[in-house]
Each structure stands twice: as C-alpha cells, then as structure tokens.
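Participant: coords below, sequence missing:
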Ligand SMILES: Nc1nc2c(ncn2[C@@H]2O[C@H](COP(=O)(O)OP(=O)(O)OP(=O)(O)O)[C@@H](O)[C@H]2O)c(=O)[nH]1
Ligand SMILES: [Mg+2]
C-alpha cells in the first residue's frame, strides 16, 4: 500500500468503529449491538472531499494497548504500534468514542492519544447521548484531550465530512502534538480518574434520568449490595407466588368443583362419568389450578427483562459462574431453563467453547423449570403450614424459594465437579454490554403473559391430558373383584407394586412411586397422576371432590413429602429434554450421562431428606 496514508479506526468494543468504516467506505462489515463483533483487521478505501485517497482500517475493539487479554485485542495492539509484519504503523488514528458512555471510553482514549500520533476523535453516538439527556461540549473535550473532536452518528452518516476534513488536515504533516496536558505515563487508576474529570468538563448538562440511571447502576451493580438486592428481589418473587395467587386459585378450584358436581349430578354412574370426573377433571384440573402461580412468576421475569435489570443480574452472576468454572455466557441459557430446559439447552449454541457449552447443557435440567412449579406448589400447600415466620414472610414462599436455590446450588456444584473432571478446561471471560434502563410497556408484558398462559394451557390440553387418560385407563382396568381395592387390582397398581420396593428406602409410598413414571412425559403430570390415582382410589364421591392437597395432607407423612420435593429438585427432566440434549450433543453418550447422574442425585438427596426428617422427628 505504498503512497496511501493509512488511517486506523481505534476504540473500545461497540463504539461504532465498523459502522463508521461502512459509512465511510461503503463496505458491509458486520455490526451488532454487543462488543467483540470485529475480530480481525479489515481494510478499505476512502476519498476525502479534496480527492485525496486514504487506506482505512477497521480494527477489533480494545480496552487497552498494554494489557491485551484476547487475541482480537492483540491484533489491534500490533497494528496500532506497527508491530505487524510487513506493515507499517498507521499514519493517522481515528479514535472512536461512544458519547453516551464517554467516561468509560476515555480511559482507553488517553492511552491511544499518549502514543503521540496524529489523532482525531470521532465522538460517535451523539444521538444516543442526546436521547439520554446528555449535552456534550466537543470543544471542551478537544481542549482537554489536545486533539480535534468531531461529532458523528455513524448509522445516520452524520458528521462524516467533518471527520474526513479533519483527517485530511493532518496531511500537511505539520502536526504538532500537544502533550503538555497528558503526561505520558499514567497508570490505569490515574487514567480512570482523569477520564472522570475530562468527562465532567465535557458534559455540560446531564438530565435527571441519566443521573438516575448512573446512580441505579452504582447501587445495583455494587459488588456486595448488588447481590443482596438480587437475592432480596428473588425472595419477594417467591413470596408473591404464594401470597398473590390464592384468590385466583380459589376461583379455578371452585370452577372445577362446580363442573365435577354438575357431571356427577347429571350423569348416570358410568364409565364415561368416571372418565370425566376421575380422569379429566381431577387429573387435568389439578394442573390448571397452577396457572395463576406460573403467571405471577413470569410477570416478575418479564418485568426484570424489560427494565434492563436481567442483564445486570447476569453481570452480578458472572463472578459466581467464574468461581465454578463457567462463563457469564452460560447465564442466559440457564435463565431460560427456568421456563423450560428445552429452549435453555438450545440457547447454549451461543457459547463458543465446546466444554463450556457441554457443561451448561448438563446442568440446565437442574434449573427449576416452570413445569415443576405445580409439583412444588401442591406439596408445599399440603404439608407446609401457611404461617408466617416474620413480618410479611410466609413459610410456604420460603420453602419454595429454598427449593429453587437448592436447584441452583446443585447446578453450581455439579458444574464445579464437571469442570474438574469430564469437561476439564479453562473458563472463558464474559463480555456483555449493559442495556439502558427502560420502563416496561404494559402491552408487551400482557403479550408475554398471554404467551406463557397459552403454552401452559396447550400442554394441559395435549400431553398432560393424554398421559392422564392413559394412566386413568391403567388405573381403572382390570376392574377390582368385590372387596378388592381398585388400585391393587389395576395394571398401574401392579406396576407401582413392582416399583415400590426400590423407592421405599427413600420414603416413597406406592402412589408416589407410580407418579414418577408419567412425570417423565411432563413434570406437571406427577400432580395429575396423584390426583387421578386418589380419585380412582376414593370410594365415595365427596372424597373425590376433595382438593389434591387435602388428600396429600391426609395420606402422606411430612418426611415423605419433603423427600418427594427433594426428588423433583434433581430428578431428570422430561423425555423431550433428553431428546434435545441428544440432538445438541450429537449422540446418546451425554444424555445418558445426564440421566444417570440426575437419577443418582435425586435418589440420594430424597433419601437424605427423608432420613434426616425422620431423625428430627418431623
Ligand atoms: N444510535 C447509534 N447507533 C450506532 C452509532 N454507531 C454505531 N451504532 C450501533 O452501535 C452498535 C455497535 O456498532 P459497531 O460498528 O459494531 O461497533 P464496533 O466498534 O465495530 O464494535 P466491535 O467490532 O465489537 O469492536 C451497532 O448496533 C451499531 O448499529 C451511532 O452513531 N448511533
Ligand atoms: Mg467492529
């Protein structure tokens, strides 16, 4: 490239370098709203207004020239310092800064300016800064930095002529670098402090909202206040799942009772009537009751996502993830797994490191999916008294919270073990831009809730319905001889009797053992299965109409109920999860491993729970 002056675009990741490069050269470099998009140098040609051509270089974003941490930062360092083989250092540097994150970007900016090369600052994204209520003084910034500053909006092609004019003005080669203002060997903390002061001088006014957002981040991302707030928030969520849902659950329960009552009153005693009351209404109805609790949980999740808090939670979790050898990139897949492990496992495709990804797939089933909420909720409602253990703190919500935490802790411990053994390797770093805070739109929330409700009801109408029907048939046939118990006589009862000895050591009775099989189709079916089993097993109609939680309260011991909860924290998920894991790992090896380790954990922890509870005399 002899003769052509070389101009390099340098700056922090996500500053808009590639957007500027595209705008200036007409190229189509990939740009996206997250850092680390450009990973190699790219060259293009640009001509100034006076007709002078330059070679323009788009470089990977970087945070430092001296302490490069990744291969892409290394590329930038080499190019800027002219250490790349067969290539001279750039003649002119265009330092791209994000005006909306000025203080942050100024830390690296100082390091670049200190090189003493002809430099012009492209103060990019001034549109976003304006939207945030920031009024910037480009002259003050230029004065403080000692280099020309041009305001640009790369994606709107604004400020490009000014930038080109500034670049051309260096061409006369009479550039004198004013290094009075910036002494050349500042340490990182010194540069941080200087960045703060320069930004303060350049920001003429800051709107109340911008100050509020900065203040919010200072608190919410604080190393130890942040996690406390996150924890407290989650705690409130699980309290609300019980505290707010009661009236709605009552309504749905009454509706199912009315429907069952009508069916019993108006239909002659028949196979069809039993099918409707014991199979459909008792089984499927027992699951639908949990719709309010699922919606409350998702309302909180949707609000956290819409406001921008979720990304901050990911940021806070990053350190915890690093401790167990995972990167923050696993956070979003794991978070999705709280809805369902299937989208969660598919979301791991964004994880570049194969061992990171495998570990995330293997622990995703330990995140409590929403299908487990009905199981938890019915058993908690049955055996945990609705008392409060402090002002506004309900015991039931506390137990639910503990179950979710148990799943998370279990996942972290498993990840730790896996990373030391089967998926050994170094953890990769986390980079994620924090989105701006926003008020959620009511319409978006309602659409999100409606989608969740629809997913749930469709499951109830399809898979839960069909599995319950099959189970009911297996419970109803063959018919018991007079004097014989129907459960004992049925096919399902015979299967349960075979299973019972295996689960007796961990405290499970026959109905509990039986519920584990249909629960492999979908977790909620465990509830439907219990409801149907007890409906078939009850002799008189009044008993059939009793809510499932009353049946459980009457029939199960507390240690057995707690063991059942522990089982569902760890038990392998539904068959669809296993199938997705097979597809994503291209074989049966890892799904089998997953199945085996989850079964083992579930069995051991249910057993520990049962025997500890018995020992404590519960
Ligand atoms: N509103 C607005 N958005 C911009 C502007 N410049 C760039 N963007 C957006 O900012 C994001 C980042 O732009 P990129 O060009 O990919 O940033 P980069 O500096 O090349 O980032 P890396 O390659 O990761 O270092 C993209 O979503 C762009 O569309 C601007 O002036 N205004
Ligand atoms: Mg780029």
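Facilitator: Thanks, I have the structure now. Predicted model, so just to flag it, every value in this text is computed and none were measured. Ligands and ions are numbered 1, 2, ... in the order given.
Participant: What's the nearest residue in the stretch 51-200 of the chain when you look at ligand 1?
Facilitator: residue 61 (2.5 Å; Cβ to the nearest ligand atom). (C-beta placed from N, C-alpha, C; glycine too.)
Participant: Show the subsequent helix or strand relative to the helix or strand of the chain with the lowest mean pLDDT.
Facilitator: Scoring the helices and strands of the chain by mean pLDDT, DSSP states H and E places helix 541-545 at the bottom, with a mean of 55. Under the assignment DSSP states H and E, the closest C-terminal helix or strand after helix 541-545 is helix 548-555.
Participant: Show me what that next one is packed up against.
Facilitator: The contact analysis (3 or more Cβ pairs under 8 Å, 6 or more residues apart in numbering; DSSP states H and E) places helix 548-555 against helix 373-383, helix 525-537.
Participant: sorry, back to before: what's the local residue count around the residue of the stretch 51-200 of the chain closest to ligand 1?
Facilitator: When neighbours are defined as other Cβ atoms under 10 Å, residue 61 has 25 of them.
Participant: before we move on, what SS does it have?
Facilitator: Under the three-state scheme (DSSP: H, G, I helix; E, B strand; the rest coil), residue 61 adopts coil.
Participant: Does it touch residue 18 like I think?
Facilitator: No - with contact defined as Cβ atoms under 8 Å, residue 61 does not reach residue 18; the gap is 9.1 Å.
Participant: re the thing from before, which one, of the helices and strands packed on helix 548-555, ends up nearest to residue 125?
Facilitator: With Cβ to Cβ as the criterion, residue 125 lies closest to helix 373-383 of those, at 42.1 Å.
Participant: and after that closest one, which helix or strand comes next?
Facilitator: Going down the chain from helix 373-383, the next helix or strand is strand 388-390, by DSSP H and E.
Participant: Show me the strands in the protein, by range?
Facilitator: Ranges of strands in the chain, per DSSP state E, are 5-11, 42-47, 53-58, 92-98, 119-124, 134-136, 149-151, 203-206, 388-390, 393-394.
Participant: Could you chop the protein up by domain?
Facilitator: For the chain, the TED database gives the domain ranges 6-206, 225-426+442-616.
Participant: related to what we said a few turns ago, where among the strands of the chain is average confidence lowest?
Facilitator: Here the lowest mean pLDDT among the strands of the chain goes to strand 203-206, at a mean of 78.
Participant: Can you pull out the low-pLDDT segments for the stretch 251-400 of the chain?
Facilitator: 350, 352 (pLDDT under 70).
Participant: how about the helices in it?
Facilitator: Using DSSP state H, counting those that start in this stretch, the helices found in the stretch 251-400 of the chain span residues 271-274, 285-288, 291-307, 309-323, 331-336, 341-347, 354-363, 373-383, 395-420.
Participant: just checking, residue 94 touches residue 163?
Facilitator: Yes - at 7.0 Å, residue 94 counts as touching residue 163 under the criterion of Cβ under 8 Å.
Participant: hey, what's in contact with both of these two?
Facilitator: Here residue 94 and residue 163 have 20, 120, 122 as joint contacts, going by Cβ atoms under 8 Å, 6 or more residues apart in numbering.
Participant: Of the residues you listed, just say which sits nearest to residue 293.
Facilitator: residue 20 (49.8 Å).
Participant: and the gap between that closest one and residue 44?
Facilitator: In this view, residue 20 and residue 44 are 11 Å apart by Cβ to Cβ, to the nearest Å.
Participant: Residue 298 now?
Facilitator: For residue 298 relative to residue 44 (Cβ to Cβ), the value is 47 Å.
Participant: Ok, residue 283 next?
Facilitator: Per Cβ to Cβ, residue 283 is found 65 Å from residue 44.
Participant: Between these two, which has more neighbouring residues?
Facilitator: residue 283 (29 against 16).
Participant: I figured that one hits residue 531, correct?
Facilitator: Yes - if you go by Cβ under 8 Å, residue 283 and residue 531 touch, sitting 5.4 Å apart.
Participant: List the contacts of the residue of the stretch 501-618 of the chain found nearest ligand 2.
Facilitator: Ligand 2 sits closest to residue 584 of the stretch 501-618 of the chain, with a gap of 29.4 Å, by Cβ to the ion. Residues in contact with residue 584, defined by Cβ under 8 Å, 6+ apart, are 345-346, 348-349, 361.
Participant: before we move on, what about residue 253?
Facilitator: Residue 253 is in contact with 289, 547, counting by Cβ under 8 Å, 6+ apart.
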